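**Student:** fold the following, please.
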Amino acid sequence: MIFLKQNTINNVAVTLNEKNSLTGNTFNINFQHIDTNKNVNFDSTDISTCPNRYNQFEITVTGSTYVNLSASTISLQNGFHNYEIKNISGDTLETGLAYVTGTTSAIPTYQVSPTKIKKVYVR
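**Tutor:** Numbers count the residues shown, from 1 in each chain. This next block holds a predicted model:
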């Protein structure tokens with residue numbers, strides 16, 4: 001699963017060389033929102049230092065409608081997306097699930113209240 005945060009440059013690392021041999025360092029990435037079926041399709045360049053082992057992309061997710069396909073700056077809705085990465089020849093290299101979250105959404109945590117006292121009853 002890929003986690004993306006709004007208004008941030010996200011570093012995404014994947015292993016694309018497992019199923020097919022790679023041709024070039026530019027890949028087509030497609031995100032499809034699960035609820036709305038809205039597609040965002042763009043090309044991104046691999047910035048990995050060792051592309052035979054892993055591939056790394058910088059994806060900037062904005063909260064606006066601005067999309068700069070050459071710089072991997074995209075607008076995605078919060079929530080779950082199916083993603084698909086293809087090489088230039090059109091072969092599907094990886095599919096999976098991505099989760100986009102906003103900058104203001106709090107991560108739920110569980111805290112024990114300090115005023116609660118555990119009582120043990122003995123017969």
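**Student:** and the closest residue to I85 other than its chain neighbours, how far is that from N7?
**Tutor:** Spatial nearest neighbour of I85, excluding adjacent residues (C-beta to C-beta, 6 or more residues apart in numbering): E94 at 4.6 Å. From N, CA and C alone the C-beta is placed, and that goes for glycine too. E94 is 25 Å from N7, where distance means C-beta to C-beta, to the nearest Å.
**Student:** and the two? Which one has more around it.
**Tutor:** Using other C-beta atoms under 10 Å, the more surrounded residue of E94 and N7 is E94, with 18 against 12.
**Student:** ok, the more buried one to T73 distance?
**Tutor:** For E94, the distance to T73 - C-beta to C-beta - is 21 Å.
**Student:** over to G102?
**Tutor:** According to C-beta to C-beta, G102 stands 17 Å off from T73.
**Student:** of these two, who's got more company?
**Tutor:** Each of G102 and T73 has its neighbours counted (other C-beta under 10 Å); T73 has more, 17 against 12.
**Student:** so the more buried one bridges to which residues?
**Tutor:** Residues in a beta bridge with T73, per DSSP bridges, are T60, N68.
**Student:** does it touch V40 like I think?
**Tutor:** No. In terms of C-beta atoms under 8 Å, T73 does not count as a neighbour of V40; the distance is 10.9 Å.
**Student:** so what pLDDT did the nearest residue to D46 once chain neighbours are set aside get?
**Tutor:** Ranked by C-beta to C-beta, 6+ apart and with sequence neighbours excluded, the top spatial neighbour of D46 is N25, at 4.3 Å. pLDDT recorded at N25 is 88.
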